[in-house]
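1. Structure of the sequence below:
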Amino acid sequence: MQAHKMTSKLSLAVSAGLMLACGVAEAHPGHGGHGLSAGLIHPLGLDHLLAMVAVGAWSTRALPARRAALGPLVFMLSLLAGALVGMATGAIGGVEPLVATSVVLLGLLLAGGHRGSVSGGMALVATAGLVHGLAHGAEWPAATSALAYVVGFLLSTAALHGAGLSLGLVARRASPRVWQLAGALLGASGLWLLAR
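-> Below you'll find the predicted structure:
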């Protein structure tokens, strides 16, 4: 139990550090830097950050405690698949509105919590991962190492999922209204991203 608390605190601390870097980061082309740093920075844009934290939080609420990491794992595998497609094909029209739409849908999923279908929720998580991966891959700075870029965004994604899992554990016993409010705020953020 003590190790679990330490892991949660470490995950939260790493995620907080990454989120602080978000003020300087842009989630889209023009990162500069090397492949690893570009990959580490890319998920820190608001659209990606919100989605990844939401996946972790939803997983702690909707899945059994021992399987809570399954949501982030499915997202990351889909993210990797989408990134490989995005790196191979380049920019795909309409991917940014899809990324923002995924934030809206993840907000609805978070608000619904454990009442919805877990398999439907996992399908949404996988689809969101694929869409976010397409954006990551299409925005790969081609002059940098593809492997380092991929490792970078997977590390940041894992940290953001860890923050979501930690937040979800803290709020696990919270009133359904707290979860509904969090989901509504997330969905509203996605709508704002769509309107920009």
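
2. rest of the way, CA atoms for contacts and neighbours
-> OK.

3. Could you double-check that residue 47 sits in contact with residue 192?
-> No: here residue 47 does not reach residue 192: they are 10.2 Å apart, not a contact under CA atoms under 8 Å.

4. so what's the residue most central in space within the chain up against?
-> Of all residues in the chain, the one closest to the mean position by CA atoms, centre = their mean is residue 52, 1.6 Å from it. The contact partners of residue 52, by CA atoms under 8 Å, 6 or more residues apart in numbering, come to 72, 157, 160-161, 164.

5. one step back: now list whatever residues contact both of residue 47 and residue 192.
-> The contact lists of residue 47 and residue 192 share no entry, where a contact means CA under 8 Å, 6+ apart.

6. which residues of the protein score low on pLDDT?
-> Across the chain, the ranges flagged by pLDDT under 70 are 1-33, 113-116.

7. Can you get me a residue count around residue 63?
-> Around residue 63 there are 17 other residues, counting by other CA atoms under 10 Å.

8. typo on my end, it should be residue 123
-> By the other CA under 10 Å criterion, the neighbourhood of residue 123 contains 15 residues.

9. Look up how far residue 146 lies from it.
-> The span separating residue 123 from residue 146 equals 27 Å under the rule CA to CA, to the nearest Å.

10. Also residue 170?
-> As judged by CA to CA, residue 170 and residue 146 stand 36 Å apart.

11. Could you do residue 186 as well?
-> For residue 186, the distance to residue 146 under the criterion CA to CA works out to 31 Å.

12. Counting neighbours, go ahead and name the busier of these two.
-> The residue with more neighbours, out of residue 186 and residue 146 and counting by other CA under 10 Å, is residue 186; that gives 24 against 19.

13. quick one: which helix or strand includes the more buried one?
-> Assigning secondary structure by DSSP states H and E places residue 186 in helix 176-195.

14. ok, and what's touching that helix?
-> By CA under 8 Å, 6+ apart, the surrounding residues in contact with helix 176-195 are 47, 50, 97, 100-113.

15. Only the C-alpha atoms, please, for that helix, written as CSV.
-> Extracted C-alpha coordinates of helix 176-195, given in CSV (Å, rounded to 0.1, in the frame of the first residue of the first chain):
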residue,chain,number,x,y,z
PRO,A,176,-21.2,11.7,-8.7
ARG,A,177,-21.8,15.4,-9.0
VAL,A,178,-18.1,16.1,-8.7
TRP,A,179,-17.4,13.7,-11.5
GLN,A,180,-20.3,15.2,-13.6
LEU,A,181,-18.8,18.7,-13.0
ALA,A,182,-15.3,17.5,-14.0
GLY,A,183,-16.8,15.9,-17.1
ALA,A,184,-18.8,19.0,-18.0
LEU,A,185,-15.7,21.3,-17.6
LEU,A,186,-13.7,18.9,-19.8
GLY,A,187,-16.4,18.8,-22.4
ALA,A,188,-16.7,22.6,-22.3
SER,A,189,-13.0,22.9,-22.8
GLY,A,190,-13.3,20.6,-25.8
LEU,A,191,-16.0,22.8,-27.3
TRP,A,192,-13.9,25.9,-26.7
LEU,A,193,-11.0,24.2,-28.5
LEU,A,194,-13.4,23.4,-31.4
ALA,A,195,-14.5,27.0,-31.6
